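Engineer: sequence first, then the predicted structure, then my questions.
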Amino acid sequence: MSLILIIVVVLILAVVTDKFFIPSLDAISRRLKLSDEVAGASLMAIGSSAPELAIALIALFSSGGAHSDVGIGTIVGSAVFNILVITGVSAVVAGGLHVHLFAVGRDIVYYLLSILYLGLVFFDGRVSLIEAVLGLVGYAVYLVVLAFLKDPEEDDEPQTTEDEGQAGKTKIAGWRQFEALISGILRPIIGAPQKNFVWAFAVSIGLIVILSYILVESTIVFAHGIGIPPVIVALTLLAAGTSAPDLMSSVDVAREGRGGMAVANAVGSNTFDLLIGLALPWSIALAFQGISGIDVGTDNLWISIGILVLTTLVLFAFLWTQRGLSRLEGFILLLLYAAFVIYTIASGTAI
């Protein structure tokens, strides 16, 4: 029963994020007149990564922090999913991706730096307030880098209108009906997110928090029911479920010929998750709970760091060879993710 609840809540979370939260953030970014890159790395990253961030917050503060590894596991698992599955599926569906090496190199280098930050913070098994705040500062620096170190090939990307983008949305069988049902229930409450964006933003945040709380509790029940650590469920099932909206949007832009945007979506979301998704909950807990530090498990730290670095380097090697990702390379990335899931479940490795 808990597994069914997890699946249903993940699907509802995807609708809330895609149909209400992200459109409200898009309206806010236009009101603030942010550049596309800064808006994408800040407000849009918040939108696509909101489920992971909310789960990390809920997991850290519920049950006295006893299941904080669920939040960490969801973020690490989502990072692996984004690099291997989002880029892999996008390449397979689109028949290959063309990218701009400057933008890809810039984003991947900063993502590797965020992994280094994760390793340094976890090294002694305890997170301090200074270390947590350092992650937030690191993301602010990333926004500055995006604003001033722009891609000279940016204008070469094919452009589509909003209507064309909506028309190209990928719809899995039965998803359209489910999406329409949930949207129909919520729209009278939330309204039109592009017009009432402040209200839509606030209500969406509330719904995401409530749904994330249900996900964390259901994950714990499900994991105990089948006799595995909750973090394993977070690394696999929750990570894949919360990244599903990113997957669909990346496939859409890949089909439109904007392979660079599909890759940037995956890598940018990972940078946000590691620097904000982990650092923000830590900062809040340390600043308002009056504690000197937060203990984190380090038993398999280097395995975690190694997987994150290795998957990123494999992706970059594929992209560097032909300024893109072929369909065959996309299949290889998907096989690597299958191996990661099998290894995680079989070994019971907790991140």
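Structural biologist: In hand now; what should we look at?
Engineer: tell me where this protein has strands.
Structural biologist: Counting by DSSP state E, the chain has strands at residues 97-98, 126-127, 294-295, 324-325.
Engineer: lowest-confidence stretch among these?
Structural biologist: Mean pLDDT across those is lowest at strand 294-295; the value there is a mean of 78.
Engineer: can you give me the offset of that strand from its chain's centre?
Structural biologist: Using C-alpha atoms, centre = their mean, to the nearest Å, the mean C-alpha position of strand 294-295 is found 23 Å from that of the whole chain.
Engineer: before we move on, what about stretch 124-143?
Structural biologist: 18 Å.
Engineer: returning to what we had before: for Ile208, find the nearest of the strands of the chain.
Structural biologist: strand 294-295 (22.9 Å; C-beta to C-beta). C-beta: built from backbone N, CA, C; applies to glycine.
Engineer: any stretches of the stretch 251-351 of the chain with poor pLDDT?
Structural biologist: 297-301, 348-351 (pLDDT under 70).
Engineer: ranges for the helices of it?
Structural biologist: 259-272, 279-288, 301-322, 327-347 (DSSP state H, counting those that start in this stretch).
Engineer: pick the most buried one from those helices.
Structural biologist: helix 259-272 (a mean of 27; mean count of other C-beta atoms under 10 Å).
Engineer: what angle separates that one from helix 301-322?
Structural biologist: 160 degrees (axes from the mean of the first three to the mean of the last three C-alpha atoms, to 10 degrees).
Engineer: ok, back up a step: how about the helices of the stretch 251-351 of the chain in a markdown table, adding distance to Asp246?
Structural biologist: Converted to a markdown table, the helices of the stretch 251-351 of the chain look like this (distance: least, C-beta to C-beta, whole Å):
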| stretch | distance to Asp246 |
| --- | --- |
| helix 259-272 | 6 |
| helix 279-288 | 19 |
| helix 301-322 | 15 |
| helix 327-347 | 14 |
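Engineer: contact partners for Val145?
Structural biologist: Val145 is in contact with 106, 110, counting by C-beta atoms under 8 Å, 6 or more residues apart in numbering.
Engineer: okay, it: pLDDT?
Structural biologist: As predicted, Val145 sits at a pLDDT of 87.
Engineer: what's around Ala192, how many residues?
Structural biologist: Ala192 is flanked by 14 other residues according to other C-beta atoms under 10 Å.
Engineer: please apply the same query to Trp199.
Structural biologist: 15.
Engineer: correct me, but it touches Ala192?
Structural biologist: No: between Trp199 and Ala192 there is no contact under C-beta atoms under 8 Å: 9.7 Å.
Engineer: pull out the buried positions in the longest helix that the chain contains.
Structural biologist: Of all the elements of type helix in the chain, the one with the most residues (DSSP state H) is helix 197-226. Using 16 or more other C-beta atoms under 10 Å as the test for burial, helix 197-226 gives 197, 200-201, 203-205, 207-208, 211-220, 222-223.
Engineer: quick check: mean pLDDT across that helix?
Structural biologist: The model assigns helix 197-226 a mean pLDDT of 87.
Engineer: what's it packed up against?
Structural biologist: Contacts defined by 3 or more C-beta pairs under 8 Å, 6 or more residues apart in numbering; DSSP states H and E place helix 197-226 against helix 2-16, helix 22-32, helix 43-61, helix 68-81, helix 175-190, helix 230-233.
Engineer: how much space between Ser29 and Val127?
Structural biologist: Distance, Ser29 to Val127, by C-beta to C-beta, to the nearest Å: 31 Å.
Engineer: distance of the residue sitting furthest away from the middle of the chain relative to Leu129?
Structural biologist: Distance from the centre of the chain peaks at Gly290, with 29.4 Å (C-alpha atoms, centre = their mean). Counting by C-beta to C-beta, the separation of Gly290 from Leu129 is 11 Å.
Engineer: repeat for Val253
Structural biologist: 38 Å.
Engineer: who has more neighbours, those two?
Structural biologist: Using other C-beta under 10 Å, the more surrounded residue of Val253 and Leu129 is Val253, with 24 against 16.
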